[in-house]
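Student: below are the sequence and a predicted model; questions follow.
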Amino acid sequence: MNLIVFQDKLYHVKRTVLESKLRPDFNNDTFRQWTRTDIILRKDGVMYACELIADAVIESETSENFFGE
């Protein structure tokens with residue numbers, strides 16, 4: 001299971017897609033609905049379709065969070 005910490009919230013990565021594989025008129029909302037996820041994150045040319053883990057408590061971070069914050 002891939003996890004991402006973003007803005008002090010924990011997300012489960014359900015799908016990743018390279019932005020270079022998408023059409024220029026690609027719609028993020030359609031992708032989010034199709035993957036049934038809460039948020040689409042982007043970093044280094046990759047799109048991450050993520051679902052919030054609502055009851056997660058982050059006690060300590062062992063690695064850098066998603067955007068290096």
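Tutor: Sure thing, it's come through.
Student: tell me where this structure has strands.
Tutor: Ranges of strands within the chain are 3-6, 9-18, 39-43, 46-52, based on DSSP state E.
Student: buried ones in the second one?
Tutor: Okay, so that is strand 9-18. 9-13, 15, 17 (16 or more other C-beta atoms under 10 Å). Where C-beta positions appear, they are placed from N, C-alpha and C, glycine not excepted.
Student: can you list the strands of the chain in CSV and add mean pLDDT and distance to Pro24?
Tutor: CSV is the format used below for the strands of the chain (pLDDT from 0 to 100; distance: least, C-beta to C-beta, whole Å):
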stretch, mean pLDDT, distance to Pro24
strand 3-6, 90, 26
strand 9-18, 92, 14
strand 39-43, 93, 15
strand 46-52, 94, 14
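Student: now the ones you listed in CSV, with distance to Phe26?
Tutor: What follows is the strands of the chain, written out as CSV (distance: least, C-beta to C-beta, whole Å):
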stretch, distance to Phe26
strand 3-6, 21
strand 9-18, 9
strand 39-43, 11
strand 46-52, 9
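Student: got the contact list for Tyr48?
Tutor: Residues near Tyr48 by C-beta atoms under 8 Å, 6 or more residues apart in numbering: 4, 11, 13, 15-16, 40-42.
Student: swap the cut-off to 7 Å and go again
Tutor: Contact analysis of Tyr48 by C-beta atoms under 7 Å, 6 or more residues apart in numbering lists 4, 13, 16, 40-41.
Student: for Glu19, same thing?
Tutor: Glu19 touches 45-47, counting by C-beta under 7 Å, 6+ apart.
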